[in-house]
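A.B. asks: Compute the structure for the input listed below.
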Amino acid sequence: MPLFRITLAFLLLFAALPGRAEQALQLSQELRPSAMQPDTAPSTLPLTLSPSQEVKDDLPPIPTIDLTTQPDDLWQRMRNGFSMPNLDSPLVADRQAWYLNRPDLLKRVFERSRRYIYHIVTELEKRGMPTELALLPIVESSFNPLAYSRARALGMWQFIPSTGKNYKLQQNWWFDQRRDVIASTSAALDYLQYIYEMHGDWHLALASYNWGEGAVGRAIAKNNAKGLPTDYLHLTMPGETRYYVPKLQAIKNIIAEPGLFGINLDPIPNKPYFGVVEREGNMDVALAAQLAEIPVDEFVALNPAYSRPVMPDSANSPLVLPADKIQTFITNLENHEAQDKPLSAWHTHNLKKGEKLDSVAARYGISTARLKQLNGINVRTKLTPGFRLLVPGKDAIGHEQIAARLPQMPAEPARAGKKGKKGKAGAKATGKKRGVVKAKVRKPAAKPKTKPKKR
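C.D. replies: Residues are numbered from 1 along each chain as shown. I've put the predicted structure just below:
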């Protein structure tokens, strides 16, 4: 009876429509239960369609993504976090063609990224930022933490000196945190968040990262005054900035569908490549690599901030080591200290009045060219009395090898003069006392956010 009442109510509602009363009454009589119409069998509605009525759907099923389980391949984890609006511009196809015509370059860059990209993706996810931003170092530096530009931008994220200082990246004679993998990544993401909140648009934020937020703001104001659109594609900007977002979009497209472009993208294990070990005291770069049992080149690639053969006793300068070598380093360090061996065999020599580099080099048994290389001395360096030189002691290991591998700042351009050259002279050297290293594993602490100055 309840089913009948429901059906009857529906029919009455249907009958209320103009011109439907007669049809509803007829249908009501046909559906009346057999108790009221003993000579008529109850009507039934077909529950399934006949084969001739079936609807065919030849479209493939929509693929699903299980975000509760982490994929084994870091590339797939990154794809799952793609959330930036795609840029529709002919320049994207142009940049795609440029990259695809250079497969060897792509292969080298992707291989180089394996050291750093897990850390970057993890940091982006912590902040709820689009994971395609992990590909930005390809555009900036080809994932080379030692990259240096004509604008004096340095490191994987290409910070200029002033912006680096705004984001508390230390820059001195001993090391430059614009090259530091952990510190520079934290600063870059802080900056990207800041300029995104300023514009509310990722494309404009990226344009600001390349051109400066002030320049982008002026371009937006100019379009506003003319009644023109103010999105990325409609702003008047330099050629480099015009191509900047299309480059990132092109790389994103290739990573999203490598098979479509004929690219063989080797998987990256979805696990940390490196870990962090805290230390206190000066320590030789060559000794640290030796204790970790890794090549010097690998150590420098993970610790590219250091410019000298000695890592100084300074705040927030931990060692970055391959994750599977951390325990090896700690064990070997304990054995080294148990034998009362020094952790640094390098000394400082203060240049005396009238003293020449040739005589200092001869005194320590190295060439003048090597002495200059170890101390970053170039044609623009002012050698005055008291200038601090780093020289190898008799037990210093691998100083010849270290000299060729340590990152050095290129000679800075001359000061502005009659020929219109621009630039600043090099910074003065500073030093620290040697001490004892104490190592323990830690997770990198998040840096407090600071209100940045405009670029």
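
A.B. asks: residue contacts, Asn264?
C.D. replies: Pro258 (CB atoms under 8 Å, 6 or more residues apart in numbering). Where C-beta positions appear, they are placed from N, C-alpha and C, glycine not excepted.

A.B. asks: Go again with 10 Å.
C.D. replies: Under the criterion of CB atoms under 10 Å, 6 or more residues apart in numbering, the neighbours of Asn264 are 103, 107, 258.

A.B. asks: I'd like to know which of the residues you listed are buried.
C.D. replies: Neighbour counting with 16 or more other CB atoms under 10 Å marks Pro258 as buried within the contacts of Asn264.

A.B. asks: Take the contacts of Asn264 and keep only those in helices.
C.D. replies: Counting by DSSP state H, the members of those that fall within helices are 103, 107.

A.B. asks: Adding distance to Gly217 and pLDDT, write the contacts of Asn264 out as CSV.
C.D. replies: As requested, the contacts of Asn264 are exported to CSV (distance: CB to CB, whole Å; pLDDT from 0 to 100):
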residue, distance to Gly217, pLDDT
Pro103, 39, 95
Lys107, 39, 96
Pro258, 37, 97
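
A.B. asks: quick one: which of the contacts of Asn264 is nearest to Leu406?
C.D. replies: Nearest to Leu406, judged by CB to CB, of the contacts of Asn264 is Lys107 at 26.8 Å.

A.B. asks: can you give me the helices in the stretch 1-150 of the chain?
C.D. replies: For the stretch 1-150 of the chain, helices defined by DSSP state H, counting those that start in this stretch occupy the ranges 2-15, 21-31, 74-80, 90-100, 103-113, 117-127, 136-141.

A.B. asks: Let me know the closest of the contacts of Asn264 to Lys356.
C.D. replies: For Lys356, the nearest member of these is Lys107. The distance, counting by CB to CB, is 48.0 Å.

A.B. asks: which residues does the closest one contact?
C.D. replies: With CB under 10 Å, 6+ apart, Lys107 has these contacts: 263-266.

A.B. asks: Ok, Leu105 next?
C.D. replies: Counting by CB under 10 Å, 6+ apart, the residues that Leu105 touches are 98-99, 138, 142.

A.B. asks: from those, which would you call buried?
C.D. replies: When these are checked for burial by 16+ other CB under 10 Å, the buried set is 99, 138.

A.B. asks: Would you mind giving the contacts of Leu105 as JSON lines with distance to Ile195 and pLDDT added?
C.D. replies: As requested, the contacts of Leu105 are exported to JSON lines (distance: CB to CB, whole Å; pLDDT from 0 to 100):
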{"residue": "Trp98", "distance to Ile195": "26", "pLDDT": "98"}
{"residue": "Tyr99", "distance to Ile195": "25", "pLDDT": "98"}
{"residue": "Ile138", "distance to Ile195": "19", "pLDDT": "98"}
{"residue": "Ser142", "distance to Ile195": "23", "pLDDT": "97"}
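
A.B. asks: Can you show me the strands along the stretch 151-300 of the chain?
C.D. replies: 274-278, 283-284 (DSSP state E, counting those that start in this stretch).

A.B. asks: so how far is the shortest one off the chain centroid?
C.D. replies: Computed by CA atoms, centre = their mean, to the nearest Å, the chain-centroid distance of strand 283-284 equals 28 Å.

A.B. asks: which other helices and strands contact that strand?
C.D. replies: helix 285-292, strand 310-311 (3 or more CB pairs under 10 Å, 6 or more residues apart in numbering; DSSP states H and E).

A.B. asks: So which of the ones you listed is the most surrounded?
C.D. replies: Across these, the average number of neighbours (mean count of other CB atoms under 10 Å) peaks for strand 310-311, which reaches a mean of 26.

A.B. asks: Buried deepest among the strands of the stretch 151-300 of the chain, which one?
C.D. replies: By mean neighbour count, with neighbours taken as mean count of other CB under 10 Å, strand 283-284 ranks first of these at a mean of 26.

A.B. asks: now the contacts of Asn264 in CSV, with distance to Val379?
C.D. replies: What follows is those, written out as CSV (distance: CB to CB, whole Å):
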residue, distance to Val379
Pro103, 40
Lys107, 37
Pro258, 46
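
A.B. asks: Closest one to Leu233 out of the contacts of Asn264, please.
C.D. replies: Comparing these against Leu233 with CB to CB places Pro258 closest, at 26.5 Å.

A.B. asks: Give me the spatial nearest neighbour of that closest one, chain neighbours excluded.
C.D. replies: With sequence-adjacent residues excluded and distances taken as CB to CB, 6 or more residues apart in numbering, Pro258 is closest to Leu265, at 4.1 Å.

A.B. asks: tell me the contacts of the closest residue in space to Ala147 that isn't next to it in sequence?
C.D. replies: The shortest distance from Ala147 to any residue other than its chain neighbours is 3.7 Å, reached at Ser141 (CB to CB, 6+ apart). In this structure, Ser141 makes contact with 109, 112, 147-149, 153-158, judged by CB under 10 Å, 6+ apart.

A.B. asks: Now the buried members of these.
C.D. replies: Under a neighbour-count criterion of 16+ other CB under 10 Å, the subset of the contacts of Ser141 counted as buried comprises 109, 112, 147-148, 153-158.

A.B. asks: Spell out which residues sit in contact with Lys271, please.
C.D. replies: Neighbouring residues of Lys271 by CB under 10 Å, 6+ apart: 70, 72, 74, 118, 323.

A.B. asks: Next, format these as JSON lines and append neighbour count, pLDDT and distance to Pro246.
C.D. replies: Conversion of those to JSON lines gives the following (neighbours: other CB atoms under 10 Å; pLDDT from 0 to 100; distance: CB to CB, whole Å):
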{"residue": "Gln70", "neighbour count": "13", "pLDDT": "84", "distance to Pro246": "31"}
{"residue": "Asp72", "neighbour count": "12", "pLDDT": "95", "distance to Pro246": "31"}
{"residue": "Leu74", "neighbour count": "22", "pLDDT": "98", "distance to Pro246": "25"}
{"residue": "Tyr118", "neighbour count": "22", "pLDDT": "98", "distance to Pro246": "26"}
{"residue": "Ala323", "neighbour count": "14", "pLDDT": "98", "distance to Pro246": "35"}
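
A.B. asks: low-confidence ranges in the stretch 201-350 of the chain?
C.D. replies: Counting by pLDDT under 70, the stretch 201-350 of the chain contains low-confidence residues at 315-316.

A.B. asks: Same question for the stretch 51-200 of the chain.
C.D. replies: When residues are selected by pLDDT under 70, those of the stretch 51-200 of the chain lie in 51-68.

A.B. asks: Recalculate using a threshold of 90.
C.D. replies: The model of the stretch 51-200 of the chain has pLDDT under 90 over residues 51-70, 150-151, 172-174.
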